[in-house]
Structures are given as C-alpha cells and as structure tokens.
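Visitor: dropping a prediction and its sequence here:
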Amino acid sequence: MTKTESDNGFFDRFGGKYVAEIIRRPLDDLEKAFGEAMRDPAFLEELRTVQRDYIGRETPLYFAPTATKLLGGARIYVKLEGLANTGAHKINNAIGQCLLARRMGKTRVIAETGAGQHGLATAAACAKLGLECVVYMGEVDVRRQQPNVATMELYGAKVVPVKSGARTLKDAVNEAMRDWAANFKDTHYVLGSALGPAPFPDIVRTFQSVIGDEVKRQAAERGIDVGAVVACVGGGSNSIGIFSAFLDDADVRLVGAEAGGVGPNVGENAARMTGNASREGIVQGYKSRFLIDEDGQSLPTRSISAGLDYMGIGPQLAALGESGRVEFTSVRDDEALEAVKFFARNEGILFALESAHAGAAAMRIAKEIPADKALVINMSGRGDKDIFITSPVFRPARWREFLEAELRRLDEKKDVHDAD
Amino acid sequence: MESIRLMSHLVAGFPDAETSVAIADALVAGGSSILEIQLAFSDPSADGPAIQTASTVALENGFSTRKGLEIVKRIHERHPETPIYVMTYGSLAFTPGVENFAAMCKEAGASACIVPDLPFDCDEGLTAACRKQGLENIPVAAPSMSAERLGKLASAGFGQIYAALRAGTTGSETTIDKSTLDFIDAVGANGSKVLGGFGIRSGEQSRVLCRHVHAVVAGSVFVNLVLERPCTPEGRAEAVRRIEAKARELTGRG
C-alpha cells in the first residue's frame, strides 16, 4: 500500500524541514497543533460544516458529453473545483488552515500567492473568521492578476507587492517566511501549496484530499469506472488533492500536467519533472526537484499561468513521479489556451489557465483510455480571473478599444453607467 | 582598553568583486578577528532586506560559487592570519554535493562553513564533510528554539555555535536583556564557543555583548554603509572608509 502521509516529513528522500532555526519553532508548533486538531471530532465537524455551507461542497463531477464525442476515447468527466467559493480549490486548504490558526490562538494570518487564487481564498477565509490578513504577492503577479488583487482588498486583506528577486511566487514565499520568523507568536503562515518545509506538504494534502475523496465517492455512487485522473501541477496542491485517494488503485492512471511555457529551454517553462532543465535541490525549506542552475541558484521560469510559474514541485509529487506512480507531461501556453477555448465552446465551462493545462493533457490522452472508462479532469479553478490574459490573445483589437475607452472615461471622471 | 573580538560579515562580489576585497581589507584594518563571507543565494529567506539586496546585486554582477570562492581566496591570501567562515544557504552546498562544497571552501582558504538552513540534525553530511577537510561546520541557534532542541544542539559537540540574538532576521535593533543572556548561556552550556550577533549597530552594543560571547557578529551594519552611498568610485571609497571606522568602533579601537 502506498503511504499517503510523510515519514517524519519525508516522502522517500524528498521533503524534510530544511529551515534556519529561527523558523523551526513555529513549524514544530504547527505540526503538533495540526495533529491534535485532526484528532479532535469538534474540529473535524466544524471543518465539514464549513466545507458544506461556505465552500459549497460537494462540487459537481460533470460528465462532458461533447468533449467525450469530439475526443473519441474515454468518457470525459470534469471535477468542477472552480465552483468552490472564491473560484478555485485553494479555499479547501485556506479555510482549513485558518480554522487551525484560530484554534492555535493566532490573530493574524499571512499568505503568499502567485495567481492570486490562494491569496484570495485566504483573504476570504480570514474575513469570515475575523482574522487579520496580509498577502505577499510578487510585483509581476500583482500586475498580471489585478482582478484578484482588487478582490483580496475588498475582503479586507492587505496585499504587499514583493519587489525582491524575480518578483514572482518564490519571492512572495521568501517574504512570507521572513514575516513569520519575526511574528510567529501571533501569526500563522497559510502556505498555499503542498510544498515548503514539513509539516506543510502533509497539511495541504490533508485539506485538499477532500477533492479526490469526493470524486471517489461520486464515482462509486454513479457506477463510474475511473481510468485516469489528470490535474495541473504548479506546486501541486490540487493534483495531490485529487490523486491521493487513488494512489493505491494501480489501474487508475494519474497524470500531472506541468507548465511547458513557450519551449523546452531554461527560462522558457516551469517543467520540473519532464525535460532537462531541472535538478534535485534544497530550496525554500524542502528537498525536491527544482529549476536551479549547477550552483543551486534559482533559474527564471515562464508560463502563461501565474499559478504554475514556480521553480519547485511538492516533495510528495517528486517522489510519486520518481516511483512512476504519477506520470508527468508538460503543456505549452498555446495548448492551454486552446483547451480553454475547447471546453468553453463545447461544454460551457471556463477553465482557469492553470487548470486548462490539465484539460489540454486530457485532450492528448483521451484516446489512450478505453471508451467505457472515465477520464477525470480536475478543473481546479475557473477562468474569470484570466480575462486580462486571454482577451489580448483571443480578441486583441476589441480589448484594446475597451481599455482605451475605460481609461478615457476615468480621465474624464465619467461614471461607469454614463451612456456616452 | 581591551579590544573586542569581532566577526565581520561581507557578501562576496558586493557591490562588486574589487570593492568586496577592499571591504575585507577595511574590516581587517578595523580590527576584525574573523571574516564571515557570504556566498550570495537567489532566495535568502533567513536574511533581512540589506543582505538580501546585497545578494541580489552580487548575483546581477554575475556571481557564481566559483567566482565567490575566488574572492574568498584572494582575501585569504591578503590576510592569511584572519580566519574566514563561508556562510551560504543549503542549496549552494547541496547542489554540487556537500563533499565537493567543503573541498572547494577548503581550497579557497576558509576555515569554517555556516549554512543556516541545513539544520544540525539533518545536515546532508555537511558536518562530516567539513571535518574531513579540517573545516568546522558552525550551526546557527535561535532564541525561539525549544529548550529541548537547544539542549541537543549545545551538546552536539560543535566547537562554535552562531547565536542569532533575536527572533527574526538580520538587521533590526538588538537589546541585550536577561532572556538574551540566558539564551547565550544555554548555547554555550557545553563548551561551544558562541558567536553572537544580528542587529549589532554600535560600539556600545558590542561592548556590552562581548563580555558574554566568544565573538560579536556584525553584518548588515556594514552592508548598509555601502547601500547608503552612490555606486560611484567616490561613493564606494567613502563606504570602505566608513566600514573601517565602524569596525574600529565595534572592536573598541575607535
């Protein structure tokens, strides 16, 4: 049987707690508090209630008839995590950790965010639970995910643009770690992906495993024979969340789709498990596979999707990739955009650019799976937030016209409802 | 007046290779007993803004481990009597292999390594690799450590332990209160020499602290003297002069 939990923080040789002592104590305290909470029936009951009434679980397992017909292989199902409150699976973990933070007596919560979905989920959870919230976000991501910034601020969170390093997700993680080291007495750090130092990979997987558990139950109830599960992999929280229930089902293919960006060379993608740009390393508190150079310095990454644009992969996925239990493939930016279009037109479902990587991988392998089996795609998030990225590609002229007109109206201080 | 033993920190290649050698000269001229030379890492999450900025500048200048250790070697050749401790992050030690890393540090003339994110009880073999090369591995202790963990570290047989004197990253003010002194005592309880620092700014602070530690550590104060000045030849020369004066102040020679 495949062990789901880490062995003292390690998944085979990956994982660990490679941190300076200044951050060791909060990690040890968190590990203990998490263990206690998960054994406390009252905590689990509160979590279940919040999952049902606030997140909106269970999320649908949608049969996609047109996609099934067009792709000509497996029966295509889409797990609609994008229908969760705040628009993505990130809320599963954010609300779980915020409940834990409150249980630990913390009054302040910090988070890093890339695409903004984790920041958004944490900001919402903090608003709901009455916790102060600070979100660190790379300056580049603040620009490319502006709608999420606006919403986080609406939830009352303070969004801090991180100007150091590459000004993306990894730099936001560094900044959050620094804040935590200085303020852990009253502050909990809600890490959003199944990575970082132990116990985070275990905590995040535990809260996200509701996805796979639900798929398994839904499949059993409806007599669906699952042949493959496909998920996109940035750090890996949605993928490990949907995969973990199936690790022991040897006949179910588990496929992770990484960001292939614009090409196979260094700086053109964020593929850690495929291609040859990555190596084993110890960065940001854990041992895994990273896009780092021969000295160990982080390398630039690239993806159209901010949520997959990260140099490291969660240690459990690195181990599952090495053992062969999870297959990895990489999906280029243009293929992801095609998948967004395909599912929007044919199924009326708008994938986030991140999740569209899973959609594209599924389109590629659908024929390999028998027609009586199900291929489940995890739509980890919906694509409303990506309009600033997809519009310039799909409808550049009209988008430009719109933006210029909006700017003029702002300059002229015209009300948005003013018809002229 | 007795002079104070000072471990002075600099980032190799910051603000450029030549100036970092000149800074080392100034730190030695100012009376530093030990030089802690940091190899810049892209994700220095245990450092405050000053050293992070210095690391970014060094990397933008085309820093590599090889070039950094060449700077270490030059400094060692100019100051063979001054021990050099190489400080960096786990990624730079683990990626080439800890054995290779220790050998490279030895070859550059270093006498110890400080790698805060390779914890003493899970160090990927760094301590053993250092020992094999005749180097010391110096772990970093923090006041927030549990008594149990601190006790384990203090009795693990390290010759020296770096004590980070506040719960946070480098660069903020340090006050030397009873809890700090208790922490220092606990770190040195089994005979490890204590290098104490983080946030040391003034001669007054180092005078108070030096009575309790083997050496006082100062870092971001020197980095800031460079960052505060324009990156012109004059600005750099002025920074180097002030660094020497600051080192004199911190060693009680000023």
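Guide: Nice, thanks for sending it over.

Visitor: which regions of the chain sit below the pLDDT cut-off?
Guide: Because you didn't say which chain, this covers chain A. A:1-2, A:420 (pLDDT under 70).

Visitor: my bad, the chain I had in mind was chain B
Guide: Short version for chain B, where the test is pLDDT under 70: B:1-2, B:167-175.

Visitor: nearest residue to the middle of it?
Guide: residue B:36 (3.6 Å; CA atoms, centre = their mean).

Visitor: so which bits of the longest strand along chain A are buried?
Guide: Longest strand of chain A, by residue count under DSSP state E: strand A:253-261. Buried residues in strand A:253-261, counted by 16 or more other CB atoms under 10 Å in any protein chain shown: A:253-261. C-betas here are computed from N, CA, C, even on glycine.

Visitor: what does the stretch 51-200 of chain B put close to chain A?
Guide: Contacts of the stretch 51-200 of chain B with chain A, taken as CB under 8 Å from any CB of the partner chain, map to B:52-53, B:56, B:59, B:64-65, B:89-96, B:116-119, B:122, B:124, B:139-142, B:144-146, B:149, B:153, B:164, B:167-169.

Visitor: SS state for residue B:25?
Guide: Secondary structure state of residue B:25, per DSSP: H, G, I helix; E, B strand; the rest coil, is helix.

Visitor: list the contacts of it.
Guide: B:78-79, B:240 (CB atoms under 8 Å, 6 or more residues apart in numbering or on different chains).

Visitor: mark which of those are buried, thanks.
Guide: Buried members of those, counted by 16+ other CB under 10 Å: B:79, B:240.

Visitor: closest to residue A:353 among the buried residues of strand A:253-261?
Guide: Residue A:353 has its nearest neighbour among the buried residues of strand A:253-261 in residue A:259, at 9.4 Å by CB to CB.

Visitor: hmm, back to that, helices - which of the contacts of residue B:25 land there?
Guide: B:78, B:240 (DSSP state H).

Visitor: take the buried residues of strand A:253-261 and write them to CSV, including distance to residue B:195.
Guide: Compiled in CSV, those are given as follows (distance: CB to CB, whole Å):
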residue, distance to residue B:195
A:253, 54
A:254, 49
A:255, 50
A:256, 45
A:257, 48
A:258, 43
A:259, 43
A:260, 47
A:261, 44
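
Visitor: what about the strands in the stretch 51-200 of chain B?
Guide: Remark: strands assigned in the stretch 51-200 of chain B by DSSP state E, counting those that start in this stretch are B:84-87, B:112-114, B:136-137, B:140-141, B:160-164, B:193-197.

Visitor: mind putting the ones you listed into CSV with mean neighbour count?
Guide: Listed next are the strands of the stretch 51-200 of chain B as CSV, based on neighbours: other CB atoms under 10 Å in any protein chain shown:
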stretch, mean neighbour count
strand B:84-87, 25
strand B:112-114, 23
strand B:136-137, 21
strand B:140-141, 26
strand B:160-164, 26
strand B:193-197, 24
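
Visitor: what residue in chain A comes nearest to chain B?
Guide: Residue of chain A nearest chain B, by CB to the nearest CB: residue A:296 (3.3 Å).

Visitor: wait, a helix at that residue?
Guide: No - Residue A:296 sits outside any helix when classified using three-state DSSP, being coil.

Visitor: I'd like the distance between the closest residue to residue B:218 other than its chain neighbours and residue B:246.
Guide: Nearest residue to residue B:218 in three dimensions, chain neighbours excluded: residue B:200, at 4.4 Å (CB to CB, 6 or more residues apart in numbering or on different chains). According to CB to CB, to the nearest Å, residue B:200 stands 10 Å off from residue B:246.

Visitor: what's the answer for residue B:114, then?
Guide: For residue B:114, the distance to residue B:246 - CB to CB - is 21 Å.

Visitor: quick check: residue A:188 is in a strand.
Guide: Yes - if the criterion is three-state DSSP, then residue A:188 is within a strand.

Visitor: state the number of residues packed around it.
Guide: 27 (other CB atoms under 10 Å in any protein chain shown).

Visitor: now it: closest residue in space that isn't a chain neighbour?
Guide: Residue A:188 sits nearest to residue A:101 (CB to CB, 6+ apart), 3.5 Å away.

Visitor: could you look up the SS state of that neighbour?
Guide: Going by three-state DSSP: residue A:101 is helix.

Visitor: that one touches residue A:186, doesn't it?
Guide: No - counting by CB atoms under 8 Å, residue A:101 stays clear of residue A:186, with 10.0 Å between them.

Visitor: can you pull the contacts of the residue nearest to residue A:188?
Guide: So residue A:101 contacts A:109, A:131, A:188, A:190 (CB under 8 Å, 6+ apart).

Visitor: still on that earlier bit, any idea which of the contacts of residue B:25 is the one closest to residue A:66?
Guide: Of all those, residue A:66 sits closest to residue B:240, with 70.7 Å by CB to CB.

Visitor: does that closest one really touch residue B:21, like I thought?
Guide: No - with contacts counted by CB under 8 Å, residue B:240 stays clear of residue B:21, the gap being 10.1 Å.

Visitor: that older thread, out of the strands of the stretch 51-200 of chain B, which is closest to residue A:286?
Guide: Among the strands of the stretch 51-200 of chain B, strand B:140-141 sits nearest to residue A:286 (CB to CB), with 18.6 Å.

Visitor: give me the neighbour count for residue B:200.
Guide: If you count neighbours by other CB under 10 Å, residue B:200 ends up with 23.

Visitor: also the one 4 residues further on?
Guide: Summarising burial for residue B:204: neighbours were counted as other CB under 10 Å, giving 10.

Visitor: sec struct for it, please.
Guide: Secondary structure, three-state DSSP: residue B:204 is helix.

Visitor: give me every residue in chain A lying close to chain B.
Guide: So chain A meets chain B at A:16-26, A:28, A:164-165, A:170-171, A:173-174, A:177-178, A:181-182, A:184, A:279, A:281-285, A:287, A:292, A:294-298 (CB under 8 Å from any CB).

Visitor: go again using 6 Å as the cut-off
Guide: Within chain A, the positions adjacent to chain B are A:18-22, A:25, A:164, A:174, A:177-178, A:181-182, A:281-283, A:295-298 by CB under 6 Å from any CB of the partner chain.

Visitor: helices of the stretch 151-254 of chain B, residue ranges please.
Guide: For the stretch 151-254 of chain B, applying DSSP state H, counting those that start in this stretch gives helices covering B:178-187, B:203-210, B:220-227, B:233-250.

Visitor: scratch that, the stretch 101-250 of chain A is what I was asking about
Guide: According to DSSP H, counting those that start in this stretch, the helices that the stretch 101-250 of chain A contains are A:117-129, A:139-144, A:146-154, A:169-183, A:200-208, A:210-222, A:237-243.

Visitor: just put those in TSV and tack on mean neighbour count.
Guide: Compiled in TSV, the helices of the stretch 101-250 of chain A are given as follows (neighbours: other CB under 10 Å):
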stretch	mean neighbour count
helix A:117-129	27
helix A:139-144	19
helix A:146-154	18
helix A:169-183	25
helix A:200-208	26
helix A:210-222	19
helix A:237-243	32
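
Visitor: for the ones you listed, which one sits closest to residue B:206?
Guide: Here helix A:169-183 is closest among those (CB to CB), at 22.8 Å.

Visitor: now that closest one and strand B:160-164, what's the angle there?
Guide: Inter-element angle recorded for helix A:169-183 and strand B:160-164: 90 degrees (by axes from the mean of the first three to the mean of the last three CA atoms, to 10 degrees).
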